[in-house]
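**Student:** what follows is a predicted structure for the sequence shown.
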Amino acid sequence: NSFYGDLITSYFASMLVLFIGITIYNVILNRNLIENEKLKPGEPLTLGHTTIDFWKDFWRVLGNMLLMLILLVLFTVVIVLIFAGLFALMGGEKSAGAVVVIVLGVIFFFIFMIIFGPIISFIPMASLFVCQRDGVSIFNALRKVFHYMKGNFWNTWVVSMVGLLAYMAMGMIVQIPVIIVSLITTFSRANHIAGYGVQDNSTPVLMIVVTAL
């Protein structure tokens, strides 16, 4: 009981910190975009622009992010239940029809992610932006985003795909110091364990600092 209690407590604490961090990131990013549109050409953004209505935006975005997560979980559960029902109707794991359902499900999933993956990554970010910009709920924001996308599906797909690839490339570049320090840490830890016959579960301060930066 103690083990699972600690595990659940740690998990929910980590998720809470993660949500707070993502919310702060989105609020500041969106506020910069919103205020930048109001500036005259050549006028720079300042810290004052970034912190306008921060707490009001923070609570609105946090609440709507949690609501959107619940909707995503419900959508995922429905999809899983549909495929599980088809799997059961086909006779379970011993049936050839069930294997066909699994194969078709995997193929459908990959095709779906290729076509709709970039759009799926775009819609939540755009909806949170509209939610903050217009001061509306996530449902109204989603409706506006779908309205903006009407007739612009493939343009949105291309922009989202290019943005996603650029983001991944920049992320890999930023992670290079972490990878280097991680390799050094791994080899030094292996040598320590081989030399002393003990398990080393510690995390070096350098690794923590580099990862945080």
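**Tutor:** Structure received. Numbering: from 1, shown residues only.
**Student:** what's the spacing between S137 and V61?
**Tutor:** 11 Å (C-beta to C-beta, to the nearest Å). C-betas here are computed from N, CA, C, even on glycine.
**Student:** which neighbours do those two share?
**Tutor:** C131 (C-beta atoms under 8 Å, 6 or more residues apart in numbering).
**Student:** where are the low-confidence patches of this protein?
**Tutor:** Within the chain, the stretches with pLDDT under 70 are 1, 91-98, 189-203.
**Student:** what segments of it are helices?
**Tutor:** Here the chain has its helices, by DSSP state H, at 2-36, 47-50, 54-89, 96-134, 138-149, 153-196, 205-212.
**Student:** in a markdown table: the ones you listed, plus mean neighbour count.
**Tutor:** Supplementary listing: these in a markdown table, determined by neighbours: other C-beta atoms under 10 Å:
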| stretch | mean neighbour count |
| --- | --- |
| helix 2-36 | 13 |
| helix 47-50 | 11 |
| helix 54-89 | 14 |
| helix 96-134 | 15 |
| helix 138-149 | 16 |
| helix 153-196 | 12 |
| helix 205-212 | 11 |
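**Student:** thinking L62 is in contact with T23, fair?
**Tutor:** Yes. Between L62 and T23 a contact is recorded at 4.6 Å, counting by C-beta atoms under 8 Å.
**Student:** just give the nearest non-adjacent residue to F153, would you?
**Tutor:** Nearest residue to F153 in three dimensions, chain neighbours excluded: I119, at 7.3 Å (C-beta to C-beta, 6 or more residues apart in numbering).
**Student:** how near is that neighbour to T156?
**Tutor:** Distance, I119 to T156, by C-beta to C-beta: 6 Å.
**Student:** so what sits against both of the two?
**Tutor:** Overlap of the contact sets of I119 and T156 (by C-beta under 8 Å, 6+ apart) consists of M149.
**Student:** thought V101 was touching G85?
**Tutor:** No. Using C-beta under 8 Å, V101 makes no contact with G85, being 9.9 Å away.
**Student:** out of everything not next to it in sequence, what's closest to P177?
**Tutor:** V210 (5.4 Å).
**Student:** show me what contacts that neighbour?
**Tutor:** By C-beta under 8 Å, 6+ apart, the residues touching V210 are 177-178, 181.
**Student:** turn those residues into a markdown table, including distance to S14.
**Tutor:** Output for these, formatted as a markdown table (distance: C-beta to C-beta, whole Å):
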| residue | distance to S14 |
| --- | --- |
| P177 | 24 |
| V178 | 19 |
| V181 | 22 |
